[in-house]
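# build the 3D model from these lines:
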Amino acid sequence: MPLIDLEPTFGKKQQSLQQWNPLFFIRHGIGSSHKPFDNLKQFLEKTFPQCKTDNKSYDWKDSVLLNGARLAKEVLNANTDRPVILIGHSMGGLLCRVANVALTDPSGFVSLVKSLAPQLTYRNVDVLDIAALQLVLPKNPITAIITLATPNSGAMLAGQLSGIPYLLKTALNLFPPTNLQSVADLTSSRLFRFLQNFAVDTRTLSISGSQGNRFARGSGQLAAWVGKAGLKMEMPNDLVVEDRSVDLQYSILPNEILHHGKSLYKHARCYMDCVDVAHTDIYTDTKQNVRELMVDFLQRC
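Model (predicted):
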């Protein structure tokens, strides 16, 4: 059994591992590709033999708003009667949220892209590209969303602001990445100001790792500096994204899932005993906590 009881939030298990036939869309985060998620794809296909899985790379340098709209179009192109589950790691979880609001209210989404997005500093080319997608209502609404170590409040806190360039520098030798549209979405409130205009009822599970780790147990110099600056910093959960940002209940602005919407929602920190989990391998989860929790949640959809 998972460490965390999901039944009070999502009800009893309804889906059979052998018979349920969802379509999973897995989307990676910043500076990554689909390749690290092939193991997760294989795991889901083994666990749910009747499922199909879409695990693709995308141009992560583009804005989350544009990439989320592209994901919505890919869901539409699938033209499926299957239950659709969106799974996103890190920034990929934000893509899932954007795709979900776009498919919940396509006309409202496109209208707001045209009227509000430019005011929020999105490029005109993004506005035009989203309009060209011609988004419409899907056959069925999105069944559920799972976000893994996703900065649902953005990289607004000091620990995360130091973590994102570190991650990019390590992976791509690209520093500083301030010219990237994706980073602009992570380090400002513009995406969240856009999303707060929607309301959804899609059941959602956000998962982060341990409360404490090597970074949090270090010299404490960063925490001391933040304290002197008059800021409050939660323990980072995975060297990059702080647990407080992963949890939608602490959103920096009212969000479409909890505050404006009526979604069944739970935030889960899988490693309650402060066992280390790195941002770049929470989806691998060698101890199975995360994957076990995902399956437990999916059976309740």
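
# could you use CA atoms for every contact and neighbour count after this?
Fine.

# can you list contacts of stretch 97-114?
Stretch 97-114 has contacts (Cα atoms under 8 Å, 6 or more residues apart in numbering) with 64-65, 68-72, 127, 130-131, 135-138, 141-142, 145, 195, 198-200, 256.

# with stretch 14-32 instead?
Defining contact as Cα under 8 Å, 6+ apart, one finds that stretch 14-32 is touched by 34, 37, 41, 47-57, 60-61, 82-93, 95-96, 168, 171-172, 182, 298-301.

# give me the buried entries from the residues you listed.
34, 37, 41, 48, 51-55, 60-61, 82-93, 95-96, 168, 182, 298-301 (16 or more other Cα atoms under 10 Å).

# can you give me the helices in the chain?
Using DSSP state H, the helices of the chain run over 7-10, 38-47, 64-78, 91-104, 106-115, 124-132, 158-172, 181-186, 190-195, 221-228, 243-246, 289-298.

# can you say which of those is nearest to A149?
Counting by Cα to Cα, A149 lies closest to helix 243-246 out of the helices of the chain; the figure is 6.1 Å.

# how about the closest one as CSV, C-alpha atoms only?
What follows is helix 243-246, C-alpha atoms only, in CSV (Å, rounded to 0.1, in the frame of the first residue of the first chain):
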residue,chain,number,x,y,z
ASP,A,243,7.6,21.5,-1.8
ARG,A,244,5.5,24.6,-1.1
SER,A,245,5.5,25.5,-4.8
VAL,A,246,4.4,21.9,-5.8
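
# output the contacting helices and strands for that helix.
Contacts defined by 3 or more Cα pairs under 8 Å, 6 or more residues apart in numbering; DSSP states H and E place helix 243-246 against strand 203-208.

# who does the strand it packs on touch, helix- and strand-wise?
strand 144-148, helix 243-246, strand 265-269.

# how about Y58: what's its closest non-neighbour residue?
Sequence neighbours aside, S33 is the residue nearest to Y58 in space, at 7.2 Å (criterion: Cα to Cα, 6 or more residues apart in numbering).

# isn't the one you found right up against K61?
No - the pair S33 / K61 is not scored as a contact, 11.7 Å apart, by Cα atoms under 8 Å.

# out of the helices and strands packed on strand 203-208, nearest to P8?
Per Cα to Cα, nearest to P8 of the helices and strands packed on strand 203-208: strand 265-269, 9.9 Å.

# how about residues contacting the closest one?
4, 6, 9, 203-211, 243, 246-248, 257-258.

# let's see it at 7 Å
For strand 265-269, contacts defined as Cα atoms under 7 Å, 6 or more residues apart in numbering pick out 9, 203-210, 247.

# and for stretch 58-73?
By Cα under 7 Å, 6+ apart, stretch 58-73 touches 30-31, 94-96, 98-99, 102-103, 126, 130, 133, 135, 180-182, 185.

# same question for it, mean pLDDT?
Stretch 58-73 shows a mean pLDDT of 97 in the predicted model.
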